[in-house]
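[1] coords please:
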Amino acid sequence: MKKITTIAASLILITTVGFAQEKKVAIATKNYDNLAYVDAVKVYKRVAEKGYKSVEVFQKLANAYYFQANLEEAAKWYGELFLLTQDLEPEYFIRYAQSLKSVGDYTKADEIMTILVQKGAKDTRAALFVQNKDYQAQIKKNSGRQEIKNAGFNSEYSDYGTAINGDQLIFSSTRETAKVFKRKHSWTNQSFTNLYVLKSTSSTPELLNSKINSAYNESTPVFTKDGKTMYFTRNNYFKGRTKTDQNKIVLLKLYKATFDGKKWSKVEELPFNSNEYSCAHPALSTDEKTLYFASNMPGTVGQSDIFKVAIRNNGTFGTPENLGKTINTEGRETFPFIAADSKLYFASDGHVGLGGLDVFVSEITAQNSYTEPQNVGAPVNSGSDDFGYVVDATLKSGYFTSNRKQDNLGFDDIYSFTEKKALETTTKIQGQLTDASTGEVIQGKVILFDNKYNKVAEVQTDAMGNYIFENVPKDQQYYVRAESVSYATNEAVAVSDQTKTTLTLTKQVKTLKVGDDLRSALNIDIIYFDLDKSNIREDATVELAKIAEVLHEYPTMKIAICSHTDSRQTHQYNQVLSDKRAQSTRDWLISKGIAPERLTAKGYGETELLNVCADGVLCAESDHQKNRRSEFIIMAN
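    Numbers count the residues shown, from 1 in each chain. From the prediction side, this is the model:
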């Protein structure tokens, strides 16, 4: 009887403890949902350390640390989460990998990303990892170019987001400068940020005037060259009133202020703000006609993207435009800055980096497009959050913010840097055209295409057959095509890098005649189809683009598109399928500007197999694939 009573008492005790833990979890969850991460962490951690294991607890505990940029603790608790389950959203794999990098465990981080890739995640960050497996070597090549040091005016609180206005330095800080009550942010348990001005390197930072600083956060200003206009970030607080989104959260907005020669005033909200999304961290183009900023407004690719908006001559604004997927990922892209040499610097945890937010740079081209971002390397970047990069392109010096432990007084600190060597973001691709038989130089046209076969540039060779493409983004694959009168078009692959890439393109005399298969005559890869499919595969679009280019070059040429299947399925089914393949190929070429009357399309089913893989013959998939093809027969030249 005594034994039974003891067991019953134990069960009551266990049940009571269980209810207590669940109650604590409920309290923590409420704090978490209200973005009160400091309070949430305290409760979640106590519960977890007492052995209460739950996917939800580990998720939210790890996330709370992650959102506070405490990546070391985040790595620990994401690790506990992954021991319980890997049936998680891609975001958890990304955050775990980022957190692992912050503690220097790149091997484990790469393993986690590899698992995500193997799961077939449709996430650009997974794709970027696959495309940049040697990212550590690449980042190492870009590293060691700067000398950095703590800027010297940091506090034990958070200091970040520098801007230069003439001979003054303005930055954001949560430091407390008055012995009065200051509101605390439940996310960080620090005071709300104010803007401070440093009038000289030896002076003490002073608060900017009260027209700018409010009871909520102000940060990340940018100034026009004449010093009369400032754009800055503030919580959704204007004229003494706060506004919230549908979840009762006070978001961020962009504001504009004017300097009258003595003080900042005339604060006004920018028209594209909203109560339902944030806009923050403004930056100005070199001509001051475009404002760049970070936002999670509709049309955002990830958690926050970089946008731009035109500033019209009359002071009004255009419609914000997303910078696109070259810059933005499913992660965070934020803190843009435009240098005087038209380079876009920004922070990202979506592009492949060293951990946390890293600083990246992209060239803004004459066509207002953006080159593939490059990691600026260490020591600016580290395993922690590194952001807020501003640089004087002439002096080769500037500032950035980091929450690294090295020389850090507390939380985010501002660091100064001097650039000893510029980061080479572009290179040259050059070569010479020669005759394949005689070796003599040839004059002609050379066209450069990117790895998706988009035309990048076109040049004519000089008298010695030389060609050169300047300012080509480095570390990318390109196609170089050469054309000359009486010669067949020829093509080669070029990979840009930090050194000059010299290509000698040879030509052989060859004419195109009626009856030729255009694909074979031009050495174009066979355009294959997937089993039982008629849609144009992505790899096929590259080859079809070459067919389209030739048709544009020879405007009188007409071709017959002949599509084929393998022997599987019935003759009737294959006939219908091949007709669809021929038609989809024709439609694709028409979409690229080829006149419909120049193209005919016909399917031949399985009537013209290239091998012995007929009905009933056992063949490998690779042999069946050879029969699923399209041909392009010249009908008129």
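[2] verify the stated contact: residue 94 with residue 116.
    Yes - with contacts counted by C-beta atoms under 8 Å, residue 94 reaches residue 116, the gap being 7.5 Å. Quick note: C-beta positions are derived from backbone N, CA and C, even for glycine.
[3] what is in contact with these two at once?
    Residues touching both residue 94 and residue 116 (C-beta atoms under 8 Å, 6 or more residues apart in numbering): residue 123.
[4] residues of stretch 134-146 that come out buried?
    135, 138-139, 141-143, 145-146 (16 or more other C-beta atoms under 10 Å).
[5] with secondary structure, distance to residue 334 and pLDDT added, can I get the residues you listed in JSON lines?
    Output for the buried residues of stretch 134-146, formatted as JSON lines (DSSP: H, G, I helix; E, B strand; the rest coil; distance: C-beta to C-beta, whole Å; pLDDT from 0 to 100):
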{"residue": "135", "secondary structure": "helix", "distance to residue 334": "20", "pLDDT": "91"}
{"residue": "138", "secondary structure": "helix", "distance to residue 334": "22", "pLDDT": "87"}
{"residue": "139", "secondary structure": "helix", "distance to residue 334": "20", "pLDDT": "93"}
{"residue": "141", "secondary structure": "helix", "distance to residue 334": "25", "pLDDT": "89"}
{"residue": "142", "secondary structure": "helix", "distance to residue 334": "20", "pLDDT": "92"}
{"residue": "143", "secondary structure": "coil", "distance to residue 334": "22", "pLDDT": "95"}
{"residue": "145", "secondary structure": "coil", "distance to residue 334": "23", "pLDDT": "95"}
{"residue": "146", "secondary structure": "strand", "distance to residue 334": "21", "pLDDT": "95"}
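[6] show me which of the residues you listed is closest to residue 450.
    Nearest to residue 450 out of the buried residues of stretch 134-146 is residue 138 (C-beta to C-beta; 18.6 Å).
[7] looks like that closest one contacts residue 131 (just checking).
    No - counting by C-beta under 8 Å, residue 138 sits too far from residue 131 to count as a contact (11.0 Å).
[8] need the buried residues of stretch 134-146 in TSV with distance to residue 469, can you?
    What follows is the buried residues of stretch 134-146, written out as TSV (distance: C-beta to C-beta, whole Å):
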residue	distance to residue 469
135	26
138	22
139	26
141	22
142	22
143	27
145	25
146	29
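[9] what sits against residue 258?
    Residues in contact with residue 258 (C-beta under 8 Å, 6+ apart) are 228-230, 264-266.
[10] bridging residues for residue 309?
    residue 291 (DSSP bridges).
[11] tally of neighbours for it?
    21 (other C-beta atoms under 10 Å).
[12] let me know the pLDDT of it.
    Residue 309 carries a pLDDT value of 98.
[13] cool, the one 10 residues further on as well?
    At residue 319 the predicted local distance difference test score is 97.
[14] contacting residues for the closest residue to it other than its chain neighbours?
    Excluding its sequence neighbours, the residue lying closest to residue 319 (C-beta to C-beta, 6 or more residues apart in numbering) is residue 309, at 7.0 Å. Taking C-beta under 8 Å, 6+ apart, we find residue 309 in contact with 272, 290-291, 293, 317-321.
[15] ok, residue 309 to residue 360 distance?
    21 Å (C-beta to C-beta, to the nearest Å).
[16] quick one: residue 375 and residue 460, what's the gap?
    36 Å.
[17] looking at these two, which one has more neighbours?
    residue 375 (25 against 9).
[18] next helix or strand past whichever strand in the chain runs longest?
    Longest strand in the chain, counting residues (DSSP state E): strand 426-435. Counting by DSSP states H and E, the next helix or strand C-terminal to strand 426-435 is strand 445-449.
[19] run through who's touching that following strand.
    Against strand 445-449 from outside (C-beta under 8 Å, 6+ apart): 429, 431, 433, 455-461, 467, 469, 472, 478-484, 494, 505, 545.
[20] per-domain residue ranges of the chain.
    With domains defined by automatic domain parsing, the chain comprises 2-131, 146-419, 426-507, 518-636.
[21] hmm, back to that, buried subset of the contacts of residue 258, written for ChimeraX?
    Buried members of the contacts of residue 258, defined by 16+ other C-beta under 10 Å, are picked up in ChimeraX with:
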select :229,230,264
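[22] closest to residue 634 among the contacts of residue 258?
    Set against residue 634, the nearest of the contacts of residue 258 by C-beta to C-beta is residue 229 (62.2 Å).
[23] now do the strands in the stretch 251-400 of the chain.
    252-259, 264-269, 279-284, 290-295, 305-310, 321-322, 333-338, 343-348, 358-363, 374-375, 386-392, 397-402 (DSSP state E, counting those that start in this stretch).
[24] among those strands, which comes closest to residue 151?
    strand 397-402 (6.3 Å).
[25] touching, residue 443 and residue 467? I think so.
    No - if you go by C-beta under 8 Å, residue 443 and residue 467 don't touch, sitting 9.8 Å apart.
[26] now for the closest residue to residue 404 other than its chain neighbours, how many residues are close by?
    The shortest distance from residue 404 to any non-neighbouring residue, by C-beta to C-beta, 6+ apart, is to residue 384 (4.2 Å). Using other C-beta under 10 Å, residue 384 is surrounded by 24 other residues.
[27] how about residue 384, what does it touch?
    Residue 384 sits in contact with 69, 71, 102, 355-356, 402-405, where contact means C-beta under 8 Å, 6+ apart.
[28] so which of those residues is the closest to residue 578?
    For the contacts of residue 384, the closest approach to residue 578 (C-beta to C-beta) belongs to residue 355, at 51.5 Å.
[29] count of neighbours near that closest one?
    Neighbours of residue 355 using other C-beta under 10 Å come to 25.
[30] next, give phi and psi for it.
    Here is the backbone geometry of residue 355 (degrees, to the nearest 10): phi 130, psi 140.
[31] thinking it is in contact with residue 98, fair?
    Yes - using C-beta under 8 Å, residue 355 is in contact with residue 98, at 5.7 Å.
[32] now for the two: what residues contact both?
    The contact lists of residue 355 and residue 98 share 71, 109, where a contact means C-beta under 8 Å, 6+ apart.
[33] residues making contact with stretch 291-307?
    124, 231, 254, 272, 274, 277-285, 308-309, 311, 317, 320-323, 325, 327-336, 338, 344, 346, 350.
[34] first-to-last residue distance for it?
    8 Å (C-alpha to C-alpha, to the nearest Å).
[35] which regions of this structure sit below the pLDDT cut-off?
    Residue ranges of the chain with pLDDT under 70: 1-41, 177-190, 201-202, 475, 485-486, 488, 495-511, 522-523, 525-534, 537-539.
[36] ok, which stretches of it are helices?
    Applying DSSP state H to the chain gives helices spanning 2-33, 37-49, 55-67, 71-84, 90-102, 106-118, 124-131, 135-142, 518-521, 538-553, 571-591, 621-627.
[37] nearest to residue 165, out of those?
    If we rank these by C-beta to C-beta, the stretch that ends up nearest is helix 135-142, at 29.7 Å.
[38] what's the angle between that closest one and helix 106-118?
    Interaxial angle, helix 135-142 versus helix 106-118 (axes from the mean of the first three to the mean of the last three C-alpha atoms, to 10 degrees): 130 degrees.
[39] neighbours of residue 421, how many?
    By the criterion of other C-beta under 10 Å, residue 421 has 10 neighbours.
[40] with adjacent residues omitted, what lies nearest to it?
    Counting by C-beta to C-beta, 6+ apart, residue 421 lies nearest to residue 145, which is 4.4 Å off, once chain neighbours are set aside.
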